[in-house]
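Peer 1: Next one to model:
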Amino acid sequence: METLTALAPLIVLVVITAALLVAGAAGVVRVTQWPAALRGGLAAMFVLTGVSHFVGMRAELVDMVPPALPAPDILVSVSGVLELAGAVGLLLPQTARLAAGCLAALLIVMFPANLYAALAGMTTHAADALVPRTLLQVVFLLATLAVVIFPGRGTALVRTAPQRVLSRRGDGRPRLLVAAADARHFGDPAQDLGMTAASASLVAVPEESRRCSASVRSPDCS
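Peer 2: Numbers count the residues shown, from 1 in each chain. Purely as a prediction, here's the structure:
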């Protein structure tokens, strides 16, 4: 049971990534690029590890902070907040690469705590020994770097609101440009903002048409 607890982040990463890929293949969601599925798996993993900085394993994590570092309680809290923030950043294509890069740096910065715990004999199960823990950190680091190198385009993993832009036609009269978004469609480079092919283009809605559809018609309506 303790070994499963130690391996929980890896299990979550693998299971969620695989589940998103399977769901995409089944047509439940449109995950058409593996980086999108990996981002989802990493986000779930960092939510798990970030929450553990505050509940469950907090005391153990505080003890793992090397004595040379000050304020271990604060360091554990800050690192937990950064992991949760990075998890959120992974869900958005605009911030996924930055979030993955920051999380990769965080994994490197936090590794000395794992090293100290292993060398000081603080580990209670085999999965937290020096070699297995180092291998796990390498796996997590490679996963985050993969998102940095292969972020994918248009792979929004959270629902985005329809985008509305006020533009002007050649005659100077305003029109409303509406871009519809469907958060079920992830990962297709041709489907920016998760739009289907049918809704990918902007829909022009003339300003006068919106006025004429009101209950009180404008004098400009023909």
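
Peer 1: Show me the shaky parts of this protein.
Peer 2: 1-4, 123-128, 152-222 (pLDDT under 70).

Peer 1: what about the helices in it?
Peer 2: Applying DSSP state H to the chain gives helices spanning 2-6, 8-25, 34-52, 58-64, 72-90, 96-119, 130-149, 207-212.

Peer 1: List of residues touching the fourth one?
Peer 2: In other words, helix 58-64. 52-53, 72-73, 76, 113-114, 116-117, 122 (C-beta atoms under 8 Å, 6 or more residues apart in numbering). (Each C-beta comes from the backbone N, C-alpha and C, glycine too.)

Peer 1: at 6 Å what do you get?
Peer 2: The contact list for helix 58-64, computed with C-beta atoms under 6 Å, 6 or more residues apart in numbering, reads 53, 72-73, 76, 113, 117.

Peer 1: Closest to A43 out of the residues you listed?
Peer 2: H53 (16.0 Å; C-beta to C-beta).

Peer 1: right, and the closest one touches V81 too?
Peer 2: No. Counting by C-beta atoms under 6 Å, H53 stays clear of V81, with 8.0 Å between them.

Peer 1: neighbour count winner among the two?
Peer 2: H53 (21 against 13; other C-beta atoms under 10 Å).

Peer 1: what sits against the closest residue to the more buried one other than its chain neighbours?
Peer 2: Excluding its sequence neighbours, the residue lying closest to H53 (C-beta to C-beta, 6 or more residues apart in numbering) is G80, at 2.7 Å. Shown in contact with G80 (C-beta under 6 Å, 6+ apart): 50, 53-54.

Peer 1: Then L13?
Peer 2: 41, 45 are the contacts of L13 under C-beta under 6 Å, 6+ apart.
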